[in-house]
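J.: give me a model of this one.
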Amino acid sequence: MAVSSSEIDFNYNEDQMRLKIRSMEIALDKIYLGGGKAKIDKLHKKGKLTARERIKLLLDSDTKSQEIAAFAGDGMYEEYGGCPSGGVVVVIGYVSQKQCVVVANDATVKAGAWFPITGKKNLRAQEIAMDNNLPIIYLVDSAGVFLPMQDEIFPDKEHFGRIFRNNAIMSSKGIVQIAAVMGSCVAGGAYLPIMSDESLIVNKTGTIFLAGSYLVKAAIGESIDNEELGGAHTQTEISGVCDYKVENDKECLKTIRDIMGRIGDSDKAGFNREDAIEPKHDLKRVYGLMPAVRSKPYASKKLLECLVDDSKYTEYKAGYGKTLITAYARIDGWSVGIVMNNREIVKNAKGEMQFGGVIYSDSADKASRFIMNCNQKKIPLVFIHDVTGFMVGSKSEHGGIIKDGAKMVNAMSNSVVPKFSIVIGNSYGAGNYAMCGKAYDPRIIVGWPTAEIAVMSGSAAAKTLLQIEVSSLKSKGEKITKEKEQELFDKIKSKYDKQISPYYAASRLWIDAIIDPVDTRKVISMGIEMANHNKTDDKYNVGVIQT
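T.: Numbers count the residues shown, from 1 in each chain. The predicted model follows:
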């Protein structure tokens, strides 16, 4: 029996997606080692657990969790030996059945020192806690600011000091903060646990002080060891700085679980949820539906059927603005409004062909109205990106594409229901903005291994930059052969392709994680659950958008 070309394409796409996922898993396995096995062994000999071991013991067993920014710092600071995961592990999970954010310094990476990306990642963790009224638990084991880069981590608005400002803001809002000093906690970093609601310190391994023994000796001539200066006995029985003295890491984590188990429930936002129904299609089917060649069109609605409950959705304005799919659906029981780029080539009412993945005036207008509807109905929004941008050319400009695009960005920006972004393919230019890119405060934004985030595609950018480069060289009297032109093109494209990869985006926290597509439903469901903890007094409407 002959195999159809569509089956061949499906199998090829599936193989390529599995290869991408396997590459991601290999990269994560390396990242999970932090500073390396030797550093881990050294930590264990001191009777301490690693950051990830601590988090595993702290979280409820057999519950869902989502690590945030595991790829932070990937490929950065190589002159200093690198900074896997930014030297800090952040996980959204459950402790004593309470959903919370856990932040744990990784002492195997430069003794848990703070690089610029470490600060950015900590601020992201606090932002998630504040946006969603989630308790946050800090497992502190850090040598403080990485001094060779202090100018990039210490003085600016979004630097180290912002963390303590956030501690104070969360305290004023009643967001629970628990901190455990499980290793070093020095200088300005000492304010974090003490600005939390309750603090613990591990005997013999935990120390907290504004200046260590060497600096004290240099500053005032006093000779004292670190344990006497700021160990568990000193800070719980003499100064009263910390609230609980515990004997080891395991007792510390058990005590935190006990404290968390006593927290009362907060008022919920009231997002609609019913019993979940699994999709009729295996979610892994998206492996074959997603083209390995990113320029190829594909059946976006079939892919959507793999993500939503019972593979059912109610499409809004199905016959209008067809390059965007706007639909009501459920994901793990939660009612959601989905805005998804349609990558099929379609015809509008006039019989004109419209390119898949491009936002036209009619589709932007439709999305604006749908976003307002979701706000009125108190329905969280899910944006699924595979967008090359807004339509260009004289016809679009004369038709007011800028005005219609601005409407969509306006509606999305002013939306008060929680927004979640899943970048499954392209996320280029103003299309990234309209589809709720990082600048527009999605509660969670993740990418599949096929994600690409940039102003434009690598090929388009390379062609544009090549024209500029060739023109510059010609103006200097240089003769450009076809071979030289191709060499320049390949060099420019190689650099640009590196910058549009999901790993480049994840290392800089433009997205919160790179995920296996099969985890998409889990990420959205956990995201809406955490958003549901934050009851708001704001009215759920965007207002009137001028036409």
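J.: residue 328 in helix, strand or coil?
T.: strand (DSSP: H, G, I helix; E, B strand; the rest coil).
J.: count of neighbours near it?
T.: If you count neighbours by other C-beta atoms under 10 Å, residue 328 ends up with 19. Where you see a C-beta, it was placed from the backbone N, CA and C, and this is true even at glycine.
J.: contact partners for it?
T.: For residue 328, the contacting residues are 313-314, 316, 335-338, 379, by C-beta atoms under 8 Å, 6 or more residues apart in numbering.
J.: of those, select the buried ones using a ChimeraX command.
T.: Only the buried entries of the contacts of residue 328 go into this ChimeraX selection, using 16 or more other C-beta atoms under 10 Å:
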select :313,316,335,336,337,338,379
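J.: mind putting the contacts of residue 328 into CSV with pLDDT?
T.: Output for the contacts of residue 328, formatted as CSV (pLDDT from 0 to 100):
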residue, pLDDT
313, 98
314, 98
316, 98
335, 98
336, 98
337, 98
338, 98
379, 97
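J.: now stretch 154-173: buried residues?
T.: Applying 16+ other C-beta under 10 Å to stretch 154-173 flags 154, 159-163, 166-167, 170 as buried.
J.: how close does residue 57 sit to residue 255?
T.: Distance of residue 57 to residue 255, computed by C-beta to C-beta, to the nearest Å: 12 Å.
J.: next step: the buried residues of stretch 154-173 restricted to helices.
T.: Members of the buried residues of stretch 154-173 lying in helices (criterion: DSSP state H): 161-163, 166-167, 170.
J.: so for the helix or strand of the chain with the lowest mean pLDDT, what gets flagged as buried?
T.: Between all helices and strands in the chain, the lowest mean by mean pLDDT, DSSP states H and E belongs to helix 458-475, at a mean of 78. For helix 458-475, the neighbour count (16+ other C-beta under 10 Å) marks 458, 460-462, 465-466, 469-470 as buried.
J.: residue ranges in the stretch 1-150 of the chain under the pLDDT threshold?
T.: 1-4 (pLDDT under 70).
J.: if we use 80, what do you get?
T.: 1-5 (pLDDT under 80).
J.: for it, what spans make up the strands?
T.: For the stretch 1-150 of the chain, applying DSSP state E, counting those that start in this stretch gives strands covering 66-68, 88-95, 98-105, 136-142.
J.: for residue 285, which of those strands is the nearest?
T.: strand 66-68 (22.6 Å; C-beta to C-beta).
J.: direction included, what does the closest one pair against?
T.: Within its sheet, and counting by DSSP bridges, strand 66-68 is paired with strand 88-95 (antiparallel).
J.: other residues contacting the strand it pairs with?
T.: Against strand 88-95 from outside (C-beta under 8 Å, 6+ apart): 51-52, 55, 58-60, 63-70, 72, 99-106, 112, 118, 121-122, 124-125, 128, 134-135, 137, 256-257, 260, 526, 530.
J.: of these, buried ones?
T.: With burial judged by 16+ other C-beta under 10 Å, the buried subset of the contacts of strand 88-95 is 51-52, 55, 58-59, 64-70, 72, 99-106, 112, 118, 121-122, 124-125, 128, 134-135, 137, 256-257, 260, 526, 530.
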